[in-house]
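J.: turn this into a structure:
(one chain, ligands or ions: 2)
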Amino acid sequence: MVMDNSFEPCDFVLFGTLGDLSRRKLLPSLYQLEKAELIHPDTTIIGVARQDISVDEYREEVKNNIEKFGEKSVCEVTWERLKARLHYLCVDMKDAESYRAFDECVDASRTMVCYLATPPPIYGDICRGLHSCNIIDSSVRVVLEKPIGHDLESSKDINDQVSEYFKESQIYRIDHYLGKETVLNLIALRFANSIFATNWDHNCIDHVQISVAESVGIEGRWGYFDDAGQMRDMVQNHLLQILSLVAMEPPATLDADSIRDEKLKVLKALRPINSSNISETTVRGQYSSGFVKGHEVPGYLEEEDANTRSQTETFVAIKAEIDNWRWAGVPFYLRTGKRLPTKVSEVVIYFKRQPHNLFGDSFQNLPPNKLVIRVQPDEGVEITVMNKVPGLTSSGSMDLQKSKLDLSFSEAFSQDRIPDAYEKLLLEVMLGNQALFVRRDEVEQAWKWVDSILEAWKHTNEPPEPYQAGTWGPVASIGLLARENRSWYESKVVKKK
Ligand SMILES: NC(=O)C1=CN([C@@H]2O[C@H](COP(=O)(O)OP(=O)(O)OC[C@H]3O[C@@H](n4cnc5c(N)ncnc54)[C@H](OP(=O)(O)O)[C@@H]3O)[C@@H](O)[C@H]2O)C=CC1
Ligand SMILES: O=C1O[C@H](COP(=O)(O)O)[C@@H](O)[C@H](O)[C@H]1O
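T.: Ligands and ions are numbered 1, 2, ... in the order given. Below is the predicted model of the structure:
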């Protein structure tokens, strides 16, 4: 038993429990937490959705989903414990009357966690519904899924509706990248190692690359994706959160607001991108048909339900600059796209070259050191360093070779599996720790920066550049770095999906 004294029982209410996110991620994550005995024995889980099904049918659904998307052979002891916690309520979330159903299954004396795995436009309805039957008090927590809005204005609108009923200290905005072990490790790596803490600025770092490549297309989510595009789907949230953690100043403590204050300062210092600099700082692309991992795949405009004239971007590359003391003159290159050759997310820190070369003409171009943080897959950290090749030479000169200090999490730590991001985040919300959740001002600052880019793209009136599925994006994205004598880090193409 790994239970902590601060871990109290709660009523965990999963709105949208029969939806895609719940099925694929949230229910299998709850199962894993159950297996690790990280859910308080007295906690209940209440699934809420529109379908009129019995609690037994719901339990059956949950088990099927765990087997399909989580663990193929479910541990029966774990399942029996989880099953006993599961309840189901059929609620039309837009109808305040139907919230009366909660009266019977929620214990007002306990903490209630409301996870809104529903379309964001109904967040306000849910809050109003809960309020109408007097469920909300200061102990209730509400978890909001992304995207919070489509732009700054709609994001403010959603946040305003939720904050009519909940204080900021009760609101947990999910960015699941903040639950990934390797993203969390950025904080440990930077602030628990003096070698990095003292070399983390424009004096030592030449530039930073953040790549989040996906091999999947839009996976039947045309309606959502075509309205969003890769900029809103991935950059506004995941990439800017990673960038903030890489670039932030040391927080005073690890409490939620200390970390979030520092991340916000980074977002505020991002140099605006608008019509005056859009063409030299951004590239956007859209995939055409091609081959990914040996399989033929359709182009974006040939996907199911596609609008064949869509100009939505499925690839984005950006040269971002942070106008502050630490990062002056250090570009942060961001790149993300669908239907790239492999699924891989990496942060690569390129250190500056040596000021002087001791090793003669044959080593004129001593490569700079690189720190590669492998966010996923093959989670780990590697540093490239130059070494002397052991051995004797007749000239007495030194032979140098580039090698890697490679820390692979799966080899270094004796854990049989790395927890999924949602497991970590569900646990944190049950514990009441907001550090890994995004504060309203961060979301809005990120929208401000992103909106300006989207607006500038609209004005250029140019379509996204095509790239063949299975390649690393439009040729122009190579040019974005090449014109500054740099190139993208070459990720390994991993065979499994
Ligand atoms: N799916 C994913 O991979 C990701 C999703 N998200 C976010 O998570 C949230 C949920 O997404 P997803 O699971 O894909 O969406 P789905 O549409 O698959 O599921 C939404 C759920 O909400 C229910 N619902 C919608 N309207 C009502 C209503 N008026 N009353 C009762 N139930 C209602 C649906 O019920 P019914 O089945 O009856 O329609 C369904 O159970 C969204 O905010 C999305 O942006 C974020 C990241 C990734
Ligand atoms: O939020 C989202 O993230 C996924 C990628 O997440 P990952 O954990 O698999 O890297 C992305 O495919 C999806 O479009 C987006 O909404």
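
J.: residue of the stretch 351-497 of the chain with the smallest distance to ligand 1?
T.: Distance from ligand 1 to each residue of the stretch 351-497 of the chain (Cβ to the nearest ligand atom) is smallest for Y422, at 9.8 Å. Backbone N, C-alpha and C define where each C-beta goes, glycine included.

J.: got phi/psi on the residue nearest to that residue when sequence neighbours are not counted?
T.: What sits nearest to Y422 in space, not counting adjacent residues and going by Cβ to Cβ, 6 or more residues apart in numbering, is S29, at 4.1 Å. When read as degrees, to the nearest 10, the backbone of S29 gives phi -70, psi -40.

J.: residues contacting P419?
T.: Q32, E181 (Cβ atoms under 8 Å, 6 or more residues apart in numbering).

J.: mind doing that once more with 10 Å?
T.: S29, Q32, L33, A36, L38, G179, K180, E181, L427 (Cβ atoms under 10 Å, 6 or more residues apart in numbering).

J.: list the contacts of whatever residue of the stretch 151-300 of the chain ends up closest to ligand 2.
T.: Nearest to ligand 2 in the stretch 151-300 of the chain, going by Cβ to the nearest ligand atom, is D233, at a distance of 4.8 Å. D233 makes contact with 146-147, 218, 221, 224-225, 227, 312-314, 316, 336, 338 under the criterion Cβ under 10 Å, 6+ apart.

J.: domain map for this structure?
T.: Annotated domains of the chain cover 10-145, 178-419+439-482 [automatic domain parsing].

J.: up against ligand 2, what does the stretch 101-250 of the chain have?
T.: Selection of the stretch 101-250 of the chain residues close to ligand 2 by Cβ under 6 Å from any ligand atom yields H176, E214, D233.

J.: pretty sure the second one contacts T314?
T.: Read that as E214. Yes. Counting by Cβ atoms under 10 Å, E214 touches T314, with 9.3 Å between them.

J.: pLDDT value on S410, please?
T.: On pLDDT, S410 comes in at 76.

J.: equivalent analysis for S73, please.
T.: 89.

J.: ok, now S395?
T.: So, for S395, pLDDT stands at 74.

J.: next, it: secondary structure please.
T.: coil (DSSP: H, G, I helix; E, B strand; the rest coil).

J.: contacting residues for P9?
T.: P9 touches I39, H40, P41, D42, T43, T44, D107, R110, T111, M430, counting by Cβ under 10 Å, 6+ apart.

J.: same check, this time on F291
T.: So F291 contacts V297, R339, P341, Q468, A469, G470, T471 (Cβ under 10 Å, 6+ apart).

J.: pLDDT (mean, whole number) over the one helix or strand it maps to?
T.: Using DSSP states H and E, F291 sits in strand 290-292. The average of the pLDDT scores along strand 290-292 is 95.

J.: which element follows that strand toward the C-terminus?
T.: Assigned by DSSP H and E, the successor of strand 290-292 is strand 295-297.

J.: so after that next one, what's the next helix or strand?
T.: Downstream of strand 295-297 (by DSSP H and E), the next one is strand 315-320.

J.: out of the residues of the stretch 101-250 of the chain next to ligand 2, which comes closest to V246?
T.: Closest approach to V246 among these (Cβ to Cβ): H176, at 17.9 Å.

J.: list of residues touching the lowest-mean-pLDDT helix or strand in the chain?
T.: Every helix and strand of the chain was ranked by mean pLDDT, DSSP states H and E. The lowest is helix 409-412, at a mean of 76. Contacts with helix 409-412, where a contact means Cβ under 10 Å, 6+ apart, come from 181-182, 185, 374, 377-381, 406, 415-418.

J.: wasn't W472 part of a strand?
T.: No. In this structure, W472 is coil, not part of a strand, as judged by three-state DSSP.

J.: was I right about it contacting T336?
T.: No. If you go by Cβ under 10 Å, W472 and T336 don't touch, sitting 11.3 Å apart.

J.: if you count what's nearby, which of these two comes out ahead?
T.: Applying other Cβ atoms under 10 Å to W472 and T336 shows that T336 carries more neighbours, namely 24 against 21.

J.: element containing L189, please.
T.: Using DSSP H and E, L189 maps to helix 181-191.

J.: need the contact partners of whichever helix or strand comes after that helix.
T.: Of the helices and strands lying after helix 181-191 in sequence (DSSP H and E), the nearest is helix 194-197. With Cβ under 10 Å, 6+ apart as the contact definition, helix 194-197 has outside contacts at L189, R190, F191, C204, P250, I349, L371, I383.

J.: give me that answer again for 7 Å
T.: Residues from elsewhere that reach helix 194-197 (Cβ atoms under 7 Å, 6 or more residues apart in numbering): L189, R190, F191.

J.: how about stretch 319-335?
T.: Stretch 319-335 has contacts (Cβ under 7 Å, 6+ apart) with 201-202, 205, 207-211, 235, 239, 243, 247, 266, 269-271, 281, 317-318, 473, 477, 480-481, 488.
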